[in-house]
Structure formats: C-alpha cells, structure tokens
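S.K.: let me see the structure of the following:
(2 chains)
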Amino acid sequence: MRIAEKRAWSVSALLLLLPAWWIAHRSTTFIASPAEVFVHLPGFLADPGTWLNIGVTLWRVAAGLALGVAAGFFAAFAMRHSRLLREVLGYYVTGALRTPSAIAAILAVAIFRGSEAGYIAVVAFITFPYMAVGLRDGLESADRELDELAQIYHLGLWPQIRHITAPFVAPFIFSALRNAHALAWKVIVVAEIFGAARTGFGAAFEHAWNYMLMVEVHLWLLVFMAIVLLAEYGVIRRLETFVFRWRG
Amino acid sequence: MSAPDTVLKVADLGVSYGAATAISRLDFEIRRGEFVAILGPSGCGKSSLLNAISGLMAPSRGRVVVDGDELYLPRSRDPRLGYVFQAHRLLPWRTVKQNLEIVLAASDVPRETWDARIDEILGILHIAQFRDSWPMRLSGGQRQRVSIARALLVDPSYILMDEPLSTLDEVTARSLRQELTGICQRTGATVVFVTHSIREAVYLADRILILTRGPSTIFEDYRVPIERPRDYDDARIAEVEADIIRRIQAPWGLGPAEERQSA
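M.R.: Next up, the predicted model:
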C-alpha cells in the first residue's frame, strides 16, 4: 500500500468517530456535540495552562517509563544469569504484572504522599514487568549459533552485546515497550486523579469533570488521544521502522 | 616431530559427553595451503571435531596445536581462523560490508585498510556489487559467498567449512565448488572441509580423512590422486569416488542401499 493511500485510510478511520460521536451526543445529555468541542479547540490549545498540564504528565510518563525500562532490563539480565535471582525476581515480576493499575496508583500516592516521585514510581512499577518479561523471553531465545560466531571471531563482550545480542532482542524490546507505553498513559491518569494532583492531565480532567465542564472534558479526551497516537505513530513506530529497516 | 609448515596438529584427541564417547582417538596434521576434507557417517563426531579444533569446546583428551600454539592451555592465544557454517550465519541487521567489518574490528587489521580489504575479498568472490546490501536481499549462494569472504578476511591460519554447500541447489553448489578451488589456490588458504558428499570431497580436497563410525578414529588418510585443475564430471573423479565407497563399505557398515545414498 502506498503512503498516500495508507494515510487516507488512517484519516478515514479517525473520521468515522465523528458520526458515532454525534449519535452519542443526540442520545445523551452529557456528551457535547463535535461542533461545539471543535469551536473551543483553538482557544483551548492557545491556553498556556493546557500545555503546562500536558508537559507535567508527559514528564511523569517519560521519567516513569525510563525507570521502568531500566528496572526491566536489570531484572531480565539478572533473571537470565542467576537461577536464584530468577526465582526471587520472578515473584516480584509476577506480582507487579498482576497488580491492578488503580491499586498501584493508590499505594504509590499513599507511600509518596502525593509527591512527584509517587507518580513516577507508579508508572515505573506498572511498566517494569512488561520490559522484564519481554526482554527475558528475548534473551532466552537468543541464538546459540550467533554466540558461536562471536566466539570464533573473538568479538569482545561489548561488541557482542551491541552488534549481536541487542539487535536480536530488539523485536522483544519494541513489543514490550509498546505495551508498557500504553499502560503508562493509562496508569498516570488514574494516579493523578487518585493522588489529587494539582497539575497534570488527570488533575485537569478531574477538575473539568467535577464542575461538569463537559466541553473541557471532551477537549482533554481529544488531547489525550492525540498524544498517545502521536507517541505511538510519530515516535515508537518510526523508531521501529528505522531499527528494522533491514527487513525491507 | 611436525613438518615445519604444519598449521594444525591434532594429537591423541578424544571427545566425550559424560559416559558417551564421540571421538575415540584422532591424530593428524595439516600443512599450510592444504585442502583437507573430512568424511564420515552421520553421528561419527564431525561436529565435535570441528568444535575442538576451532577452540569452541575443549576436548576430553589430547592436544590441538595451531601454528605452534597449543589451544586450551590457560595462557594460549586464541587461534585466528575462519569458519564457514552450514547456514551462512550472517547478521541480518547488518549490511554485507558491516558483517565483514565486525570481524575486522575484532582483529588487528588496521582500520585504514578495511575498505580496500573488503573490496578485494568481495571482488574475489564476485559479489562486490552487494557490498551495501542487506543479507535478506541476497540469494542463498550469494549469502554463502559472503560467509566465505568473512572467513578469508582476516588471513586465517586455516578455514573450517562445515558442509557449506549442502543447503544450496546443485547448480549454485557446482559453481561455488569450482570457485572455491580457484580461491584457495589464489589465496593459499588452508582448509578443513567437512562434507557428506564423497564426490565433493574428491573434487575439492588434496587429502580426505575418512572417519569410522562413532566413537570415531581415522579409518584412512586418503590422498586424492588427481592433479588440478579438476573437472567435477571427470571420469577419474567418479573412479576415485567408487574406490572410496568400496573402502568404506565395511567400516561404515554400508549395504547396497546406503552405498547408493552416500554416493
């Protein structure tokens, strides 16, 4: 499929939301009409407060995700190389994987008393098991034949990690990263709402909801969707295309 | 006492996995520039032998000496060798040039000479035009050529080839066999070539080490009595092949059906 054709289909899929939205608006009393929301969109986007809230949440997601990825990497390598650590960390990974996001958010907010660290910690806690499990699976399926190749040609540890191991596990990393990223956005909003945050997307959304400012609620939903789609298609998929350009 | 141009010396080599013995006892030497084929029935320990002489796995017994340095001693140097695997084992995420560069990076070849060296080797193997291609875009034969280029690149003491043509179609394999003899003569490479095909061994090798069934020993060190250049369809190749089949019947326990299959 050509790029133009692909884009046309993507836009059409998004535009399909409009009639569904309009029907929902006609059938309920609390869903604003698409027209009303789009009229307010320029003013909403021109407000510096909007960007401040987006920036704060973005920072929390990015920092939490970075921590979660780092912890996941550490856990995966530890589990791969030590049977004892595999047993011990295995419980933590399983526990974190099965913990509901809302419970994790409440616990983090309670432990960190609503401080900035709490929001970052909850994102890290929820995302790290996805990275750990994904990367561990990748390392476990590592090709023994490529290890022999490295040994025959005397590749050192770092060149072996850089040129063989990392590219080999890259598909596992991307798959885990995509799950972790999607989950990070879901949990941060819950955490910001439960934590009674003063800034951030969740805080702004809750404020609008409490005062029944439905147009604002819709605007924040639109912004949320735009950010998540931009991160997925504008960053992660582009990076993936670059990393896997050899697939042709 | 070894000859002065001995590259590889294997003495009293034995390989066991627990109670199971793969190689009972092997003794042989390979001289610089020789092309030696190793022929043996399935399960006779050919892979174990390759692992032992490539430095991948210490034998249970005996010595492996490469260019005068004994492997598997605490302070022994890593052998500089090339390896052409049955499957090409190219890294699909690196271009042909990049696949060759990581081998050069791990060697002591000066960086400023890399490009010229890569171009030279790719030229010898007639794949210079694929220098910047991804391995996925190449045919099976072209990938195996890159694998051979990689093995030749660092001027190795010897090159191990583990049935490198067995996965290719017959037309490609024929062409590569022919080129392989030319390349080895031009570069003076020393080659240890494992194969199941008796005709291939006769066509390519100066000597054929015929192994017994496992746990293996050398049944015969056979010198191929045909001068080079050789023709794969030459009647003399077929005669030598038939002669080897006659010799291996008893030690390999071949009946008429297996005989036809091995041939």
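
S.K.: drop to CA atoms for contacts and neighbour counts, all remaining ones
M.R.: Noted.

S.K.: helix, strand or coil for A:Arg237?
M.R.: helix (DSSP: H, G, I helix; E, B strand; the rest coil).

S.K.: go on, A:Thr199?
M.R.: coil.

S.K.: strands of the stretch 51-200 of chain B, start to end?
M.R.: B:61-66, B:69-70, B:81-84, B:158-162, B:191-195 (DSSP state E, counting those that start in this stretch).

S.K.: quick one: low-confidence residue ranges for chain A.
M.R.: Low-confidence segments of chain A, defined by pLDDT under 70: A:1.

S.K.: excluding residues flanking it in the chain, which one is nearest the residue sitting nearest the centre point of chain A?
M.R.: Nearest to the mean C-alpha position of chain A, by C-alpha atoms, centre = their mean, lies A:His181 at 1.5 Å. Excluding the flanking residues, the one nearest A:His181 by C-alpha to C-alpha, 6 or more residues apart in numbering or on different chains is A:Leu65, at 7.1 Å.

S.K.: A:Ile126 too?
M.R.: A:Ala96 (6.4 Å).

S.K.: next, count neighbours for that neighbour.
M.R.: 18 (other C-alpha atoms under 10 Å in any protein chain shown).

S.K.: was I right about it contacting A:Tyr130?
M.R.: No: contact criterion C-alpha atoms under 8 Å: A:Ala96 and A:Tyr130 do not qualify, at 9.2 Å.

S.K.: if we can go back for a sec, what helix or strand is the residue nearest to A:His181 on?
M.R.: For A:Leu65, the enclosing helix or strand under DSSP states H and E is helix A:48-81.

S.K.: return the residues of the stretch 51-200 of chain B in contact with chain A.
M.R.: Applying C-alpha under 8 Å from any C-alpha of the partner chain, we find that the stretch 51-200 of chain B lies next to chain A at B:54-56, B:78, B:80-83, B:89, B:91-94, B:102-103, B:106-107, B:134, B:136.

S.K.: distance of B:Leu71 from chain A?
M.R.: 13 Å (C-alpha to the nearest C-alpha, to the nearest Å).

S.K.: for that residue, what are its contacts?
M.R.: B:Gly55, B:Arg63, B:Val64, B:Val65, B:Arg77, B:Asp78, B:Pro79 (C-alpha atoms under 8 Å, 6 or more residues apart in numbering or on different chains).

S.K.: what subset of those is buried?
M.R.: When the contacts of B:Leu71 are checked for burial by 16 or more other C-alpha atoms under 10 Å in any protein chain shown, the buried set is B:Gly55, B:Arg63, B:Val64, B:Val65, B:Asp78, B:Pro79.

S.K.: beta partners for the fourth one?
M.R.: Read that as B:Val65. B:Lys9, B:Glu70 (DSSP bridges).

S.K.: now do the contacts for it.
M.R.: B:Val65 neighbours (C-alpha under 8 Å, 6+ apart): B:Val7, B:Leu8, B:Lys9, B:Val10, B:Leu71.

S.K.: next up, the contacts around residue 41.
M.R.: Just so you know, I chose chain A. A:Leu41 neighbours (C-alpha under 8 Å, 6+ apart): A:Leu219.

S.K.: that's the wrong chain, I meant chain B
M.R.: B:His196, B:Leu211, B:Thr212, B:Arg213, B:Trp252.

S.K.: does A:Val189 touch A:Phe201 like I think?
M.R.: Yes: A:Val189 lies in contact with A:Phe201 (C-alpha under 8 Å); the separation is 6.7 Å.

S.K.: quick one: contacts of whichever helix or strand comes after the helix holding A:Leu65?
M.R.: Downstream of helix A:48-81, the first helix or strand assigned by DSSP H and E is helix A:83-98. With C-alpha under 8 Å, 6+ apart as the test, helix A:83-98 has contacts from A:Ala75, A:Ala78, A:Met79, A:Arg80, A:Phe125, A:Ile126, A:Phe128, A:Pro129, A:Tyr130, A:Ala132, A:Val133.

S.K.: swap the cut-off to 7 Å and go again
M.R.: Under the contact criterion C-alpha atoms under 7 Å, 6 or more residues apart in numbering or on different chains, helix A:83-98 has outside partners A:Ala75, A:Ala78, A:Met79, A:Arg80, A:Phe125, A:Ile126, A:Pro129.

S.K.: try stretch A:217-225
M.R.: With contact meaning C-alpha under 7 Å, 6+ apart, stretch A:217-225 is reached by A:Val37, A:Leu41, A:Phe205, A:Ala208, A:Trp209.

S.K.: can I get the CA coordinates of that stretch in CSV?
M.R.: Provided in CSV are the C-alpha atoms of stretch A:217-225 (Å, rounded to 0.1, in the frame of the first residue of the first chain):
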residue,chain,number,x,y,z
VAL,A,217,-13.7,17.0,29.4
HIS,A,218,-14.1,16.3,25.7
LEU,A,219,-11.2,18.5,24.8
TRP,A,220,-8.9,16.8,27.3
LEU,A,221,-10.0,13.4,25.9
LEU,A,222,-9.1,14.6,22.4
VAL,A,223,-5.7,15.8,23.6
PHE,A,224,-5.1,12.6,25.4
MET,A,225,-5.9,10.6,22.2
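
S.K.: just to revisit the earlier point, so which of the strands of the stretch 51-200 of chain B gets nearest B:Glu120?
M.R.: Closest to B:Glu120 of the strands of the stretch 51-200 of chain B, according to C-alpha to C-alpha: strand B:81-84, at 16.7 Å.

S.K.: show me where pLDDT drops low in the stretch 1-150 of chain B?
M.R.: Using pLDDT under 70, the stretch 1-150 of chain B drops low at B:1.

S.K.: ranges for the helices of the chain?
M.R.: Because you didn't say which chain, this covers chain A. Under the criterion DSSP state H, helices of chain A are mapped to A:3-15, A:17-27, A:34-46, A:48-81, A:83-98, A:101-111, A:116-140, A:144-152, A:157-160, A:166-194, A:201-210, A:214-229, A:237-243.

S.K.: ah, I was thinking of chain B
M.R.: Using DSSP H, helices in chain B cover B:46-54, B:96-105, B:114-124, B:140-153, B:170-187, B:198-204, B:235-252, B:256-262.

S.K.: compile those into TSV and extend it with columns for mean neighbour count and distance to A:Leu14.
M.R.: Listed next are the helices of chain B as TSV, based on neighbours: other C-alpha atoms under 10 Å in any protein chain shown; distance: least, C-alpha to C-alpha, whole Å:
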stretch	mean neighbour count	distance to A:Leu14
helix B:46-54	21	58
helix B:96-105	21	42
helix B:114-124	17	50
helix B:140-153	23	44
helix B:170-187	15	51
helix B:198-204	24	62
helix B:235-252	16	70
helix B:256-262	11	63
